[in-house]
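Q: Could you work out the structure for the sequence below:
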Amino acid sequence: MSARRLEGLGIVITRPREPAEALARALEREGARAIVFPALAIEEVKPSASTEEALAGLGHASLAILVSAHGLPQHFIDDGDPYCAHIKTCMDLILAQLPPYPSVLAYQSRVGPVPWIGPSTDEMITRLAKEGVRDVLVIPISFVSDHVETLYEIDLLYGEQAKKLGFRTFARAESLNDDPLFLDALADVVEPRLRR
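A: Sure, this is the predicted structure:
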């Protein structure tokens, strides 16, 4: 990479901390502006409007909420990455504001030969079917926008799995996408750091 191509480019890196700092230094040597954000305290989470809309359209007695987060190789967690704790905190804050349906957490998007955190989303769908659940709302908790891991992996791959297992309903809440509250929250975090 040449410094000319990276000059003025702003890059935001959030985690894991030590590799992020090393990457930021390397990018800055190439002329880019890199900002490493520390882990933020999670104080308040509001379910997205699409989550509330999806729940209103379901309402079956056998409904379960499947919170699906992006997986990580296990070694990141073993090395102290707080990702799983952050996901659990967000999940608990969201679920506290919803009707008390049974809920489970699973992780998706595994790739490569190393061990990943679990349980996996496909394993959890199978477990829910064995437990007699017939209606599932998937909340993609760690995805800020709808993309291949929500539109294809959840909707198509896991949706087909759920259909084969006899689920009556398999719905997904939309990701945050361009929700104004989400964009304002991002701006509140990023803008002060850009002024430094």
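Q: any idea how far residue 73 is from residue 116?
A: Residue 116 sits 6 Å away from residue 73, going by Cβ to Cβ, to the nearest Å. In this view, the C-beta of every residue, glycine as well, is placed from N, C-alpha and C.
Q: what does residue 163 give?
A: Taken as Cβ to Cβ, the span from residue 163 to residue 73 is 30 Å.
Q: These two: which has the busier surroundings?
A: residue 73 (17 against 11; other Cβ atoms under 10 Å).
Q: ok, the closest residue to the more buried one other than its chain neighbours - contacts?
A: Spatial nearest neighbour of residue 73, excluding adjacent residues (Cβ to Cβ, 6 or more residues apart in numbering): residue 114 at 4.8 Å. Residues in contact with residue 114, defined by Cβ atoms under 8 Å, 6 or more residues apart in numbering, are 73-75.
Q: can you pull the alpha-carbon coordinates of stretch 92-104 into CSV?
A: Extracted C-alpha coordinates of stretch 92-104, given in CSV (Å, rounded to 0.1, in the frame of the first residue of the first chain):
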residue,chain,number,x,y,z
ASP,A,92,-30.6,-9.6,28.6
LEU,A,93,-31.3,-5.9,28.2
ILE,A,94,-33.3,-6.5,25.0
LEU,A,95,-35.3,-9.5,26.4
ALA,A,96,-36.1,-7.6,29.6
GLN,A,97,-38.2,-5.2,27.4
LEU,A,98,-40.1,-8.0,25.5
PRO,A,99,-42.8,-10.4,26.6
PRO,A,100,-41.3,-13.3,28.6
TYR,A,101,-41.0,-15.9,25.9
PRO,A,102,-38.4,-18.7,26.3
SER,A,103,-35.1,-17.5,24.8
VAL,A,104,-31.8,-19.0,23.8
